[in-house]
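**Student:** I need the structure of the sequence given here:
(2 chains)
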Number of protein chains: 2
Amino acid sequence: MPVPFDDRGLAYGDGLFETVLVRDGRPSLWDYHLARLRRGCAALGIDAPDEAVLATLPAAAESGLSVLKVIVTRGSGGRGYQAPADPEPRLRWQLSAFEPRRERWQHGVAVRHCRLRLAEQPALAGIKHLNRLENVLARREWTSPDIAEGLLTSIGGHLIEATSMNVFWRRNGRWQTPCLERCGVAGTLRAALLERLGIDEVEFEPTALETVEGLCLGNSVQGLWPVTALESPSGEPLERWRISDDLRFFQQQAHALLGYPAGI
Amino acid sequence: MPVPFDDRGLAYGDGLFETVLVRDGRPSLWDYHLARLRRGCAALGIDAPDEAVLATLPAAAESGLSVLKVIVTRGSGGRGYQAPADPEPRLRWQLSAFEPRRERWQHGVAVRHCRLRLAEQPALAGIKHLNRLENVLARREWTSPDIAEGLLTSIGGHLIEATSMNVFWRRNGRWQTPCLERCGVAGTLRAALLERLGIDEVEFEPTALETVEGLCLGNSVQGLWPVTALESPSGEPLERWRISDDLRFFQQQAHALLGYPAGI
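**Tutor:** This next block holds a predicted model:
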């Protein structure tokens, strides 16, 4: 399902996307994906796609695990940045067979701080829009398969997210996650965990990671990865953590939402 | 010339574009467009397209004025934000007949301050990448055809550009234009004028526009528009300017670069 040259998603990133874990044709965290897509459409002023149409998409998946990627763009045309008076949003989607990185559930991952700083744009914070060059540039900072993710700090000096996952840590006996009002993507797994568990949304400087009892990364497709090692952008070791029972419990809560087994 | 669903330009805005004024099959400011495209490709780590191929595109235009729009994306695929090890960049282009807004050359335009603040991202500043949601959102702030452009201020409080044009003003007998090291697009007309005229690149707060002797907007397609009136985001009148001889001379220099007549 290609898009034409004049599609505004291609021209300007003028649209949104969702990636949904699908098991045997049934989507996970579907209401959270729909809610974020609606919120994104409202923020950009795009008519949200018909939810009855969206609801038919996961059923086309093969049995087993798939990922459904949905892209909604404002549609074609306009005069430069000015959209047509009555744009016709374009819906595109693709289903792909999927295997999560199960070994990362059990053994955890090593991550690295990225050099790139996220710009702060409250008008676009939290939503999953198509302007993702910062994530692309950050992901280019390392190639070693031993590094699973990169941590992103804002220009304002706060830890925000990983390149494609949200970040959670335990500190003074509480689970915490960054406030995403100025930048970052508010993940659907994060939203579901925030509703169910007592998690604080905080402003947090990355140097304070030396004080945390445990760190993990999560999204609605891969589930939850414990972080066992943290390096600087140039590869110097900074911190190491053992995977605590608290973290295993948190992972179990996350995986229950996605139909995944507990990590161990 | 569509692009496939998995094109990274569509998925992430992972690419660049240029819009080139073409007269009778010959491009204007071609070397400047090529230079910016090369700079953008270097910033994103995309192999720049073959300039011999690009050079063949304007010749396909009809006689008279056209605009050539070129999009270069990193190509298809990858694992999420991570690009394939050996991506094949994708080149797409379109030629459209074009008529500049000649009446604006002569009579000038009214502009408005936008409410949206541009985020500061030095890694992407100056280049013409495909992540243009800020410009799209800013352009949505007004619909009146009496307002030709919106002025954009950065989150740091500096005047940067208009939604699709660069900004120039005259102050204390000098032409000035904003420094674009933290955000904004460095236009090709701006680059050519900077090389030829004594223009200062400065950090400038938008409230200081009350002290300028003249204001104008320009890009390589529309030429140079004198600004005769400035309003607040809610439409309150802030400043008015007459079109001075200095501004007409500046316009004449700009239009000579584009093959356009002097504005009067």
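
**Student:** Next, A:K69: phi, psi?
**Tutor:** Here is the backbone geometry of A:K69 (degrees, to the nearest 10): phi -110, psi 130.

**Student:** Now do the contacts for it.
**Tutor:** A:F17, A:E18, A:T19, A:V20, A:W93, A:Q94, A:L95, A:S96 (Cβ atoms under 8 Å, 6 or more residues apart in numbering or on different chains). Yep, even glycine has a C-beta here, placed from its N, CA and C like the rest.

**Student:** What is the nearest of the residues you listed to B:P2?
**Tutor:** Nearest to B:P2, judged by Cβ to Cβ, of those is A:Q94 at 14.9 Å.

**Student:** So which bits of the stretch 151-264 of chain A are right by chain B?
**Tutor:** Within reach of chain B by Cβ under 8 Å from any Cβ of the partner chain, the stretch 151-264 of chain A has these residues: A:I155, A:T163, A:S164, A:C183.

**Student:** can you tell me which of the contacts of A:K69 are in helices?
**Tutor:** Secondary structure from DSSP state H places none of the contacts of A:K69 in helices.

**Student:** so of the residues you listed, which ones are in strands?
**Tutor:** A:F17, A:E18, A:T19, A:V20, A:W93, A:Q94, A:L95, A:S96 (DSSP state E).

**Student:** Those into a markdown table, with extra columns for neighbour count?
**Tutor:** Formatted as a markdown table, the ones in strands among the contacts of A:K69 follow (neighbours: other Cβ atoms under 10 Å in any protein chain shown):
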| residue | neighbour count |
| --- | --- |
| A:F17 | 21 |
| A:E18 | 23 |
| A:T19 | 20 |
| A:V20 | 25 |
| A:W93 | 20 |
| A:Q94 | 16 |
| A:L95 | 18 |
| A:S96 | 14 |
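
**Student:** and chain B, which of the residues you listed contact it?
**Tutor:** Near chain B, by the rule Cβ under 8 Å from any Cβ, you find A:F17, A:Q94 out of the ones in strands among the contacts of A:K69.

**Student:** with the ones in strands among the contacts of A:K69 in mind, which one is nearest to B:L116?
**Tutor:** When those are compared against B:L116 (criterion: Cβ to Cβ), the nearest one is A:F17, at 22.0 Å.

**Student:** Is the residue lying closest to A:G15 once chain neighbours are set aside bridged to anything, and to what?
**Tutor:** Using Cβ to Cβ, 6 or more residues apart in numbering or on different chains and skipping residues adjacent in sequence, the residue nearest A:G15 is A:T73, 3.4 Å away. Counting by DSSP bridges, A:T73 is bridged to A:G15, A:R90.

**Student:** what sits against A:T73?
**Tutor:** A:3, A:7-10, A:14-15, A:46, A:89-90, A:92, A:130, B:10.

**Student:** Could I get the pLDDT score of it?
**Tutor:** On pLDDT, A:T73 comes in at 98.

**Student:** Could you measure from it over to A:S63?
**Tutor:** 31 Å (Cβ to Cβ, to the nearest Å).

**Student:** Also A:S96?
**Tutor:** 14 Å.

**Student:** Please enumerate the helices of chain A.
**Tutor:** A:8-12, A:30-44, A:51-56, A:102-107, A:133-139, A:188-196, A:245-258.

**Student:** Make sure A:Q121 is actually in contact with B:A138.
**Tutor:** No. A:Q121 is beyond contact range of B:A138, at 11.6 Å (criterion: Cβ atoms under 8 Å).

**Student:** Looking at these two, which is more packed in?
**Tutor:** Neighbour count, other Cβ atoms under 10 Å in any protein chain shown: between A:Q121 and B:A138, B:A138 has more, with 25 against 21.

**Student:** Low-confidence ranges, chain A, go.
**Tutor:** Along chain A, segments meeting pLDDT under 70 span A:263-264.

**Student:** Could you break it into its assigned domains?
**Tutor:** Taking automatic domain parsing as the domain assignment, the ranges for chain A are A:8-97, A:102-258.

**Student:** Output those domains as JSON lines; include the columns distance to B:W175.
**Tutor:** Below are those laid out as JSON lines (distance: least, Cβ to Cβ, whole Å):
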{"stretch": "domain A:8-97", "distance to B:W175": "25"}
{"stretch": "domain A:102-258", "distance to B:W175": "29"}
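
**Student:** For B:L54, which of these is the nearest?
**Tutor:** That would be, of the domains of chain A and by Cβ to Cβ, domain A:8-97, which comes in at 18.5 Å.

**Student:** Could you check how far that closest one is from the centre of its chain?
**Tutor:** Offset of domain A:8-97 from its chain centre (Cα atoms, centre = their mean, to the nearest Å): 15 Å.

**Student:** Repeat that for stretch A:133-145.
**Tutor:** The answer for stretch A:133-145 is 15 Å, by Cα atoms, centre = their mean.

**Student:** Repeat that for stretch A:256-264.
**Tutor:** For stretch A:256-264, the distance to the chain centre is 18 Å (Cα atoms, centre = their mean).
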